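A.B. asks: Here is my input, please return the structure:
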Amino acid sequence: MKVLVADKFEKSGVDGLKAAGCDVLYEPDLKDDALAQAIASSGAEVLVVRSTKVTAPMLDAGRLALIVRAGAGYNTIDVAGASTRGIYVSNCPGKNAIAVAELAFGLMLALDRQIPDNVTELRAGSWNKKAYAKGQGLYGRTLALLGMGAIGQEMIRRAAGFGMPVVIWSRRFDGQQRPLSDAEADELNLEAASRAVPIQIVPTAADAAARGDVVSLHVALGPETKQFVNAALLARMKPGAILINTARGELLDYAAVADAVKTRGLKVGLDVYANEPAAGTAPFADDLAALPGVYGTHHIGASTDQAQEAIAAETVRIVRSYKETGRVPNVVNLARRTPATHMLVVRHRDRPGVLAHVFSHLRQANLNVQETENIVFEGAEAAVARINLDGAPPAELCQTIRAGNADVLDLQLVKL
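C.D. replies: Reported below is the predicted structural model:
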């Protein structure tokens with residue numbers, strides 16, 4: 001199996017792919033037309049990328065069957081286009097969670113203690129202890145988490161270490177207001193030490209924002225979350241509170257956040273931006289990031305050696321699974337529900353041609369098979385096929401299928 005790696009990737013990942021029996025082409029600088037040409041000329045079945053864009057012409061260029069995003073997000077990949085072409089898109093969720101949580105807490109500390117300004121002034125030869133001896137501290141202050149995925153879980157662990165009570169808003173809790181239950185803490189894999197501080201669920205994002213001394217964003221970007229942090233939500237935040245965004249730049253209404261910084265003393269820590277350059281180095285201008293009271297980093301949340309090694313190992317696991325079993329972990333573009341309306345259950349002897357007989361009659365009736373599985377009983381003498389169809393086969397057709405092959409033992413039609 002040929003694997004084209006078209007982005008920076010850990011050596012351990014390349015070695016792991018080779019150890020799995022893959023023919024690896026490592027071309028980390030390929031982009032745009034050059035990448036499309038490489039996909040065509042190499043005959044690669046698997047493409048591994050990080051931030052490199054994957055477009056429709058690339059999907060049409062060769063014989064790709066699987067695209068692995070060596071990271072969590074996949075907004076740089078034409079997922080819809082891959083779906084129409086039957087190409088798997090997979091990612092590595094949660095493998096950078098610790099790294100992102102660490103940076104989020106670094107931004108909190110930097111904002112509370114004005115660390116970058118301290119360093120800048122000291123390097124310039126100025127001693128100004130009076131100006132910088134004004135940090136409030138994080139202990140006992142409330143951390144509000146908007147979103148509760150893998151990164152949010154790591155945020156809770158670190159909040160406990162800092163002695164920060166936590167309030168959570170997440171769609172998974174469906175507008176509830178109550179303490180996090182022990183069962184839910186178990187489900188989130190929170191150790192006893194992580195439960196040392198109060199953890200409360202609140203019904204709305206605005207409720208969480210109102211209670212937080214620090215508000216940290218961990219929601220996915222979608223149509224419903226674009227400019228999620230708007231003027232109405234910001235108005236609920238405490239004057240002088242800290243806002244951290246290590247998720248997606250488009251979650252912010254930039255004008256509203258800038259106004260809150262100027263008029264209500266909001267402190268903001270950013271690692272992501274709506275107008276990020278595509279290249280690793282480039283000129284950059286952002287009005288919000290330039291404001292006093294706003295500290296920004298260069299979208300480095302996942303950029304630790306530990307995180308990249310974990311992502312490389314997960315990428316190898318995905319490719320190895322596909323190569324050895326045909327199954328792809330972490331697929332993001334499979335239909336949650338197919339258009340199937342009926343299931344035809346066929347109990348049959350495990351003999352050649354039985355399912356071909358069934359499928360031939362379904363095709364003649366213009367019934368499309370959406371999904372199918374064939375479960376073989378011990379001894380491999382009999383099996384049951386479950387065939388999901390986009391319509392109901394007439395009773396006459398079922399009778400024809402049953403009578404037309406002696407190895408068909410029984411048929412059952414189930415409405416989905």
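A.B. asks: Assign residue 388 to helix, strand or coil.
C.D. replies: strand (DSSP: H, G, I helix; E, B strand; the rest coil).
A.B. asks: For the closest residue to it other than its chain neighbours, give me the pLDDT.
C.D. replies: Nearest non-adjacent residue to residue 388, counting by CB to CB, 6 or more residues apart in numbering: residue 340, 3.7 Å away. Using the backbone N, CA and C atoms, a C-beta is placed for each residue, glycine as well. Note on residue 340: pLDDT of 91.
A.B. asks: Just to be sure, residue 340 is in a strand?
C.D. replies: No - counting by three-state DSSP, residue 340 falls outside a strand, being coil.
A.B. asks: For residue 328, see how far away it is.
C.D. replies: As judged by CB to CB, to the nearest Å, residue 340 and residue 328 stand 21 Å apart.
A.B. asks: just residue 221 next, same as before
C.D. replies: Counting by CB to CB - residue 221 and residue 328 are separated by 23 Å.
A.B. asks: Same check on residue 92?
C.D. replies: As judged by CB to CB, residue 92 and residue 328 stand 12 Å apart.
A.B. asks: Common neighbours of these two, please.
C.D. replies: When CB atoms under 8 Å, 6 or more residues apart in numbering defines a contact, the residues bordering residue 92 and residue 328 alike are residue 318.
A.B. asks: who's more crowded, these two?
C.D. replies: residue 92 (24 against 18; other CB atoms under 10 Å).
A.B. asks: And that one, how far from residue 329?
C.D. replies: Noted for residue 92: a distance of 9 Å to residue 329, by CB to CB.
A.B. asks: which residues are in contact with both of the two?
C.D. replies: With CB under 8 Å, 6+ apart, residue 92 and residue 329 have common neighbours residue 318.
A.B. asks: same for the longest helix seen in the chain, what does it pack against?
C.D. replies: For the chain, the helix that runs over the most residues, judged by DSSP state H, is helix 305-325. Applying 3 or more CB pairs under 8 Å, 6 or more residues apart in numbering; DSSP states H and E, we find helix 305-325 packed against helix 11-19, strand 46-49, strand 66-69, helix 97-113.
A.B. asks: Contacts for it next, please.
C.D. replies: The contact list for helix 305-325, computed with CB under 8 Å, 6+ apart, reads 1, 3, 9-10, 12-13, 16-17, 20-22, 46, 48, 65-66, 68, 70-71, 88, 90, 92, 95-96, 98-99, 302, 327-330.
A.B. asks: could you redo the last one with a cut-off of 6 Å?
C.D. replies: 1, 10, 12-13, 16-17, 20, 46, 66, 68, 70, 90, 92, 95-96, 99, 327-329 (CB atoms under 6 Å, 6 or more residues apart in numbering).
A.B. asks: What helix or strand is residue 161 located in?
C.D. replies: For residue 161, the element it lies in under DSSP states H and E is helix 150-162.
A.B. asks: What is the subsequent helix or strand relative to that helix?
C.D. replies: Remark: after helix 150-162, the chain's next helix or strand is strand 166-169, criterion DSSP H and E.
A.B. asks: List the strands paired with that following strand, with their directions.
C.D. replies: Strand pairing for strand 166-169, determined by DSSP bridges: strand 143-146 (parallel), strand 199-201 (parallel).
A.B. asks: Of these, which is nearest residue 116?
C.D. replies: Nearest of these to residue 116, taken as CB to CB: strand 143-146 at 21.4 Å.
A.B. asks: what about residue 144, how many residues close to it?
C.D. replies: Counted by other CB under 10 Å, the residues lying close to residue 144 total 27.
A.B. asks: Verify the contact between it and residue 217 for me.
C.D. replies: No - Residue 144 is beyond contact range of residue 217, at 9.8 Å (criterion: CB atoms under 6 Å).
A.B. asks: Please produce JSON lines containing the helices and strands packed on helix 305-325, extended by mean neighbour count, mean pLDDT and distance to residue 362.
C.D. replies: Shown next, in JSON lines, are the helices and strands packed on helix 305-325 (neighbours: other CB atoms under 10 Å; pLDDT from 0 to 100; distance: least, CB to CB, whole Å):
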{"stretch": "helix 11-19", "mean neighbour count": "16", "mean pLDDT": "97", "distance to residue 362": "40"}
{"stretch": "strand 46-49", "mean neighbour count": "27", "mean pLDDT": "98", "distance to residue 362": "33"}
{"stretch": "strand 66-69", "mean neighbour count": "26", "mean pLDDT": "98", "distance to residue 362": "29"}
{"stretch": "helix 97-113", "mean neighbour count": "21", "mean pLDDT": "97", "distance to residue 362": "45"}
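A.B. asks: of these, which approaches residue 166 most closely?
C.D. replies: The closest of the helices and strands packed on helix 305-325 to residue 166 is helix 97-113. By CB to CB, the value is 12.6 Å.
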